[in-house]
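> predicted model, plus sequence, below.
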Amino acid sequence: VPAQSIELSVRVNRRRQSLLVAPRETLADVLRDRLGLTGTKVGCDSQVCGSCSVLLDGAVVSACTVLALEAQGRELVTIEGLGENGKLDTVQAAFLETGALQCGFCTPGFILAVKALLAEQPQADPEQVRAYLRGNLCRCTGYGPILEAIRRLQEASA
Ligand code: FES
């Protein structure tokens with residue numbers, strides 16, 4: 001830990017964490033390398049692919065381009081924070097049901113983005129869904145099963 005480190009105090013997946021971070025450390029690096037939360041994937045490392053999407057106070061951010069210190073005093077949710085008592089979260093379950101993943105690299109980011117989408121715009125129409133998810137790229141599924149998972153979630157909560 002470099003000498004100029006600053007104490008970061010943040011809630012991650014409902015648990016308070018305090019650790020020393022360097023001013024330029026990214027949130028993705030801190031989550032993955034310091035807290036062992038490797039479900040946050042780093043794909044492009046330049047805020048294009050969405051694999052590193054996490055929720056910061058409920059909003060989707062790209063952890064690769066957010067400084068860890070920007071999370072000071074705030075609430076973070078990563079893919080490890082979803083689901084309880086060994087049960088999948090509803091979005092995770094819907095993705096499984098429709099086969100909305102293949103290699104899985106994009107999946108944590110997609111699932112968190114879908115969580116935020118459904119919280120913000122529960123009955124978004126297909127065009128709004130696609131617009132909301134434009135920052136998340138998937139090279140495997142062709143997006144169809146992902147959109148179908150969202151449709152089923154919307155139907156279940158209507
Ligand atoms: Fe492979 Fe989306 S499942 S990139």
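Okay, I see it. Numbering: from 1, shown residues only.

> contacting residues for the residue most central in space within the chain?
When the chain is reduced to its mean C-alpha position, the nearest residue by Cα atoms, centre = their mean turns out to be Val54, at 3.0 Å. Applying Cβ atoms under 8 Å, 6 or more residues apart in numbering, one finds that Val54 lies in contact with Leu27, Leu31, Thr40, Val60, Val61, Ala63, Leu76, Val77, Thr78, Leu112. Heads up, the C-betas are built off the backbone N, CA and C, glycines and all.

> next one: Glu80
Listed by Cβ under 8 Å, 6+ apart, the contact partners of Glu80 are Asn13, Leu37, Gly39.

> where do the helices sit along the protein?
Secondary structure of the chain (DSSP state H): helices at 27-29, 90-98, 107-120, 126-132, 144-157.

> can you redo the ones you listed as CSV with mean neighbour count and mean pLDDT?
Formatted as CSV, the helices of the chain follow (neighbours: other Cβ atoms under 10 Å; pLDDT from 0 to 100):
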stretch, mean neighbour count, mean pLDDT
helix 27-29, 22, 98
helix 90-98, 19, 98
helix 107-120, 22, 98
helix 126-132, 13, 97
helix 144-157, 17, 98
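
> just flag the most distant two among the contacts of Val54.
When these are compared pair by pair using Cβ to Cβ, the farthest-apart members prove to be Leu31 and Val60, with a separation of 14.6 Å.
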